[in-house]
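Quick one: sequence plus predicted model below, questions after.
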Amino acid sequence: PLTVTLQKVDWADSNAKKKANSSKNKGKAKKTSGSGHKQSNSKGAVKTVTTKPGDTYYKFSQKYNVSVAQLRKWNKYSDRSIPVGVKVRIK
């Protein structure tokens, strides 16, 4: 027979990493939520977003008011294979 005695239990805080990172980023601009963040703030400049799982040209066309055909021209990815984590031009 084997006997095990539990001495101490430590629970991992799922927010520990977020809290540590938030203290490091004081004074820095926050990233916007959604599909990604804008790369440029100047008017008329090229803007990109970083893709996330489930992103499609159609979703980008609806969100940023640009045609799917134009998104296809600007980006080298086919409709069915936009990789996750890449930057896609939206303007």
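All right, it came through fine.

okay, CA-based contacts and neighbour counts for the rest of this
OK.

Can you get me a residue count around Y58?
15 (other CA atoms under 10 Å).

shift numbering so it begins at 59
Fine by me, first position is 59 from now on; the one you just mentioned is Y116.

which non-adjacent residue is nearest it?
V126 (6.0 Å; CA to CA, 6 or more residues apart in numbering).

show me what contacts that neighbour?
For V126, the contacting residues are 115-116, 119, taking CA atoms under 8 Å, 6 or more residues apart in numbering as the criterion.

Which of those residues fall in helices?
The members of those that map onto helices under DSSP state H are 115-116, 119.

what's the helix or strand for V146?
Element membership for V146 (DSSP states H and E) is strand 145-147.

what about the strands in this structure?
106-108, 145-147 (DSSP state E).

and those, which is most packed in?
For the strands of the chain, average neighbour numbers computed from mean count of other CA atoms under 10 Å are highest in strand 145-147, which has a mean of 20.

give me every residue that touches the nearest residue to S136 once chain neighbours are set aside.
Counting by CA to CA, 6+ apart, R130 is the residue found nearest to S136 once chain neighbours are left out, at 7.4 Å. R130 makes contact with 115, 136-137, according to CA under 8 Å, 6+ apart.
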